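Asks: pasting a predicted model and its sequence here:
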Amino acid sequence: MRWVVTMRFDDDELAERLRRLDPAITPQNTPLTAAQLAIRDRITGATAIPSKRLSYRRPLWWSAGIPALATFMVTLVVLFSFNPTPKAVALTPAPLTFTNTGQSAVELLAAAKHALEERSPVKAERATTSTGWYLQVEHQDATSTVVISPQVTTMRWRPDQSGEVLVVAGVPYWADGAQQPIPSADYVPPGTVISQMTVPAGEWGAPTVDPPGATIAEMTEWLQAMGLPVDADAADLIDTINLAMSYWTLTNQQHATLLHLLLSREDIEVVGTGLDRAGREVTAVAADSGRFAGTRRILLISSDTGRIVAEEVVRTTPDGDLPAGSVISYTLWGLPTK
């Protein structure tokens, strides 16, 4: 059987732990960013869980390219295993599958740029809508049943560092792809408001309030302002791109520049073509992380628009009950909203 315990803190203690994650660069008494506030509210304001089950959660922001916050979320969850179940149980969504077409990074970049030339937003917007997920692990005698519960996060902010964040429940599904109905007690109904925040001026915490410039050098400088390490590998770049897209809806020209930076690297791999979790045709590129051993970043590029539309993080080595190949998280961008 498998038990999962989620630690809880009051708001003050949780805020202090978030600030202590990166004491070298975070001044004392610095307000929490909108990302940190979203994490705090998801932890402390989660829907009450019936006593028959305990929850194991990974928030949408797990994949947002914030290493310190990701590390913090690991420390929040403690996993105990007793008498392993007699059969394997799906703990995460099935990995996406791709077909290797032999396309090179240079060819992919050319195809993406061609698609990006056809249509484009006029300017970058300080607003995003993304769909991500967390897990709920059921304990029922000798088996565990896992429901994947996506969350839809809408964020809008302004140059004065004020803004709004809305997180609502998405449509849940069984991790193993089963089609039987999910008991109503085991998930939050789609559309339910999980968290809603208004952030006062000066407290949004965006690394920069300015959009990136048009050149490669200007984009590189902007990404470094977003947190890209000087010694970044391709996985770090994917993480930072994902973080940037949590703050900004970028233009096609800016997507083209990001892809140029990524696909020009020698440590990036073109995995192949397939469908993302929204059924969109995509081409996947990937890189193993040197900073976070045992994980692989996968960035998905739309075959139709050339835009970056999703990111996934996958284990390359076992991690406790999670076998190699397990999907840790996913984030989808550019989905239509109702």
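Replies: Done, it's in. This one's a predicted model, so the numbers in the text were calculated from it and none came from an experiment. Numbers count the residues shown, from 1 in each chain.
Asks: could you pull out the strands for the stretch 201-338 of the chain?
Replies: Under the criterion DSSP state E, counting those that start in this stretch, strands of the stretch 201-338 of the chain are mapped to 269-275, 281-288, 295-302, 308-315, 327-333.
Asks: make TSV from the ones you listed and add mean neighbour count, distance to L258 and mean pLDDT to it.
Replies: In short, each C-beta sits where N, CA and C put it, glycine included. Shown next, in TSV, are the strands of the stretch 201-338 of the chain (neighbours: other CB atoms under 10 Å; distance: least, CB to CB, whole Å; pLDDT from 0 to 100):
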stretch	mean neighbour count	distance to L258	mean pLDDT
strand 269-275	18	16	98
strand 281-288	21	12	98
strand 295-302	24	9	97
strand 308-315	24	7	95
strand 327-333	23	12	93
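Asks: so which of those strands gets nearest E125?
Replies: strand 327-333 (12.6 Å; CB to CB).
Asks: in the stretch 51-200 of the chain, which spans are helices?
Replies: Secondary structure of the stretch 51-200 of the chain, counting by DSSP state H, counting those that start in this stretch: helices at 67-76, 105-116.
Asks: and the ones you listed, which one's lowest on average pLDDT?
Replies: Mean pLDDT is lowest for helix 67-76 among those, at a mean of 31.
Asks: flag the shaky bits of this structure, pLDDT-wise.
Replies: Residues of the chain meeting the criterion pLDDT under 70: 1-89, 120-121, 134-145, 337-338.
Asks: measure the residue nearest to V122 when sequence neighbours are not counted to A124 for me?
Replies: With sequence-adjacent residues excluded and distances taken as CB to CB, 6 or more residues apart in numbering, V122 is closest to T251, at 7.4 Å. Distance, T251 to A124, by CB to CB, to the nearest Å: 6 Å.
Asks: which one of these two has more residues nearby?
Replies: A side-by-side neighbour count of T251 and A124, using other CB atoms under 10 Å, places T251 first with 20 against 17.
Asks: quick check: phi and psi at that one.
Replies: phi -80, psi 170 (degrees, to the nearest 10).
Asks: isn't it right next to E117, touching?
Replies: No - using CB atoms under 8 Å, T251 makes no contact with E117, being 11.7 Å away.
Asks: re the thing from before, E107 is nearest to which of the strands of the stretch 201-338 of the chain?
Replies: Ranking those by distance to E107, with CB to CB as the measure, places strand 269-275 first at 8.3 Å.
Asks: sheet partners, orientation included, of that closest one?
Replies: Strand 269-275 has the following sheet partners, assigned by DSSP bridges: strand 98-99 (antiparallel), strand 281-288 (antiparallel).
Asks: roughly how far apart are D321 and I301?
Replies: With CB to CB as the criterion, D321 and I301 are 32 Å apart.
Asks: repeat for Q151
Replies: 23 Å.
Asks: list the buried residues for stretch 187-206?
Replies: Using 16 or more other CB atoms under 10 Å as the test for burial, stretch 187-206 gives 187-188, 194-195, 197, 199, 203-206.
Asks: in a markdown table: those residues, plus distance to L335.
Replies: Output for the buried residues of stretch 187-206, formatted as a markdown table (distance: CB to CB, whole Å):
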| residue | distance to L335 |
| --- | --- |
| Y187 | 20 |
| V188 | 19 |
| I194 | 17 |
| S195 | 19 |
| M197 | 22 |
| V199 | 24 |
| E203 | 28 |
| W204 | 23 |
| G205 | 25 |
| A206 | 23 |
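Asks: now the biggest helix by length in the chain and strand 269-275, what's the angle there?
Replies: If you go by DSSP state H, the chain has its longest helix at helix 234-247. For helix 234-247 against strand 269-275, the angle by axes from the mean of the first three to the mean of the last three CA atoms, to 10 degrees is 50 degrees.
Asks: tell me the angle of helix 234-247 relative to strand 327-333?
Replies: 50 degrees.
Asks: contacting residues for the residue nearest to T97 when sequence neighbours are not counted?
Replies: Counting by CB to CB, 6+ apart, T97 lies nearest to G274, which is 5.7 Å off, once chain neighbours are set aside. Residues in contact with G274, defined by CB atoms under 8 Å, 6 or more residues apart in numbering, are 96-99, 281-282, 284.
Asks: identify the farthest-apart pair in those.
Replies: Greatest spatial distance among those (CB to CB): T97 and E281, at 13.1 Å.
Asks: ok, what's across the strand from Y173?
Replies: Bridge pairing for Y173 - DSSP bridges - gives I148.
Asks: that one against I148, yeah?
Replies: Yes - Y173 lies in contact with I148 (CB under 8 Å); the separation is 5.5 Å.
Asks: and those two? which has more neighbours close in?
Replies: I148 (24 against 18).
Asks: the more buried one and P336: what is the separation?
Replies: Going from I148 to P336 by CB to CB gives 21 Å.
Asks: now the terminal residues of stretch 192-211, how far apart.
Replies: 32 Å (CA to CA, to the nearest Å).
Asks: with stretch 227-243 instead?
Replies: Stretch 227-243 has its terminal residues 9 Å apart, counting by CA to CA.
Asks: give me the residues contacting that stretch.
Replies: 63-67, 207, 220, 223-224, 226, 258, 261-262, 265, 267-268, 287-292, 295-299, 308, 311, 331.
Asks: in stretch 112-119, what counts as buried?
Replies: For stretch 112-119, by 16+ other CB under 10 Å, it's 112-113, 115-116.
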